[in-house]
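1. kindly generate the corresponding structure for this input.
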Amino acid sequence: MSSTIRQKIAVQKLSENIRNSGGKKIVPMGKILKESGYSQQTSRKPKLVTRTKGFQEELAKIMPDKSIAKKHEELIGAVKLKMIKFDAVLTNQQIRRIIEWPAGFKVKMIVRKEKCNQVTCYYWSPDYMTRLVAINMGYKIKNLYQEKGQLVNDTSLIVQMVSYASVKGI
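-> Sure, this is the predicted structure:
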């Protein structure tokens, strides 16, 4: 099945909006559909268009799954370069032990200036906000979030109260 002209226009407009706003400005999909020639009624229910095979085919042409997955992987591993100052009496090895620990911090460089009582350490730190956004995207893409009004599987929780007050020695 090939996509319709309106579907092609809608995907193109969606792509332009994302590119021109740098991903910061959110344009409602209904507005994009209206600008693409869809009726007011259809533009109120974007899923009628966005879930069609033709729309998905057009979307796949400009945003291939491999490209999305590669960028997503980069986001999940995002880091920031940070800086901290230490007293100059600390050795580089001591500074490294302070900075580098299992959470993913990595010293980039330690700068010592003559006759200065402070040392500047530049280090890579996990960018938790970017990683959180990437994980959130992954959950949405995989439809792992519960929709509003949807009931969670009825899993009963059994709680047993135990009193240790009657046990000797406590």
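2. for whichever helix in the chain runs longest, packing partners?
-> Longest helix in the chain, counting residues (DSSP state H): helix 5-21. Counting contacts by 3 or more Cβ pairs under 8 Å, 6 or more residues apart in numbering; DSSP states H and E, helix 5-21 is packed against helix 29-35, helix 47-50, helix 53-62. Where C-beta positions appear, they are placed from N, C-alpha and C, glycine not excepted.
3. kindly recompute the last result at 6 Å.
-> Judged by 3 or more Cβ pairs under 6 Å, 6 or more residues apart in numbering; DSSP states H and E, the packing partners of helix 5-21 are helix 29-35, helix 53-62.
4. so can I have CSV of these showing distance to Gln146, mean neighbour count and mean pLDDT?
-> Listed next are the helices and strands packed on helix 5-21 as CSV, based on distance: least, Cβ to Cβ, whole Å; neighbours: other Cβ atoms under 10 Å; pLDDT from 0 to 100:
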stretch, distance to Gln146, mean neighbour count, mean pLDDT
helix 29-35, 22, 18, 93
helix 53-62, 23, 15, 89
